[in-house]
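*Asks:* Just a sequence and a predicted model for now, questions to come.
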Amino acid sequence: MVQGRNPAQKEKVIFLGSEIEQAPLNQAGFAVLPVPYEKSVSYGGGTALGPDSILEASHQLETWDGKSSPSELGIHTCDTINCNQDDEAVIESIASATAKILMAGSMPVVLGGEHTVTWGVIKGYLDAGITDFGVVQIDAHADLRDAYEDNPLSHASVMKRVVDAGVPLFQLGIRAYCDEEREIRAQEGIHFIDADDLVPQNIQHIDLPEDFPKKVFFTLDIDGMDPSVFPSTGTPVPGGLGWYQTLNLFDSVIKQRQLIGFDLMEFAPIEGFHAYDFAASLLVYKMMGMAQRAGAVEAKN
């Protein structure tokens, strides 16, 4: 088991710090929150190393993402969450940091860490009084078990915690789930388009149901993408989404709804293969650019 690292152990790395100055939180369009939490992984490990790898690789990015320069809106990199606490304390720390970002008027961009992190983020929205939103999830796994290995804060239970909190959920790209999760989908009326429809049909655009909330938080588990694109994850499953399909689905969602934040979870860097670190960093920055162009984030200066 890889434990979260103490953020005091190394110098803070700023997202895109080779190109831009750190923006004050209250002047930043985007606030990047690193959370190297890894306690309940059930196969391959390494997600605790994900945030730092993404931050370091971001220094190789261009500020122009191909269509716009999202860094012009200002990017603030928050202090890394201390994950050397008990599980509940880590969740509360994530929630508190997320609420602080929201109160400053910035968009949270959260880097995991295992997918359990997303529950802390969603709790932060709820604690901040933001309740009228839904979650759109790209993932290989449904993550709807009530508990996994007797742990209700497992990465395999994170979306059950979200649904239990009354937050509507739409799942994309799922291709690994158990009978319990199938039953919970039916009981809770969870919307989904699984990988066996999305990928063979090359679906690039989806229409959210009319009754789905007008605000959305988007959670992207890197294993939702195919292992041929990102083998750098703990539980890879064949048959996933491609690079452009993932970005196009994200774009289609945020053009229909108001994006209020997003995360990238379960990235586990592979030593010696820095291409995947760079790709994960670029994916985050591309999503920032789409958020900028969709009008989800506006300049504060």
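*Replies:* Nice, I can see it.
*Asks:* which helices and strands does the longest helix seen in the chain pack with?
*Replies:* Ranked by residue count under DSSP state H, the longest helix found in the chain is helix 274-293. Packing contacts for helix 274-293, counted by 3 or more CB pairs under 8 Å, 6 or more residues apart in numbering; DSSP states H and E, involve strand 30-35, helix 50-57, strand 107-112, strand 215-221, helix 243-256, strand 258-265. Quick note: C-beta positions are derived from backbone N, CA and C, even for glycine.
*Asks:* could you give me the average pLDDT of that helix?
*Replies:* Averaged across helix 274-293, pLDDT comes to 98.
*Asks:* ok, now stretch 229-238?
*Replies:* In this model, stretch 229-238 has a mean pLDDT of 93.
*Asks:* picking that back up, and the longest helix of the chain with strand 107-112, angle?
*Replies:* With axes from the mean of the first three to the mean of the last three CA atoms, to 10 degrees as the basis, helix 274-293 and strand 107-112 are set at 160 degrees to each other.
*Asks:* going forward can the numbers begin at 140, since that is how I track them
*Replies:* Sure thing, new numbering starts at 140, so read that last one as helix 413-432.
*Asks:* what's the spacing between helix 413-432 and its chain's center?
*Replies:* From the chain centre to the centre of helix 413-432 is a distance of 12 Å (CA atoms, centre = their mean, to the nearest Å).
*Asks:* What is the neighbour count of the residue lying closest to residue 158 once chain neighbours are set aside?
*Replies:* Leaving aside its sequence neighbours, residue 158 sits nearest to residue 202 (CB to CB, 6 or more residues apart in numbering; 5.1 Å). For residue 202, the neighbour count with other CB atoms under 10 Å is 14.
*Asks:* can you check the one 4 residues further on too?
*Replies:* With neighbours defined by other CB under 10 Å, the count for residue 206 comes to 11.
*Asks:* Around the closest residue to it other than its chain neighbours, how many other residues sit close by?
*Replies:* Nearest residue to residue 206 in three dimensions, chain neighbours excluded: residue 428, at 6.1 Å (CB to CB, 6+ apart). Residue 428 has 21 neighbouring residues, counting by other CB under 10 Å.
*Asks:* same check, this time on the one 3 residues further on
*Replies:* Other residues near residue 431 come to 23 when the count uses other CB under 10 Å.
*Asks:* May I have the phi/psi pair for the residue lying closest to residue 311 once chain neighbours are set aside?
*Replies:* On the basis of CB to CB, 6+ apart, the spatially nearest residue to residue 311 that is not a chain neighbour turns out to be residue 277, at 4.9 Å. When read as degrees, to the nearest 10, the backbone of residue 277 gives phi -100, psi 130.
*Asks:* Before I go, just wanted to say thanks for your time.
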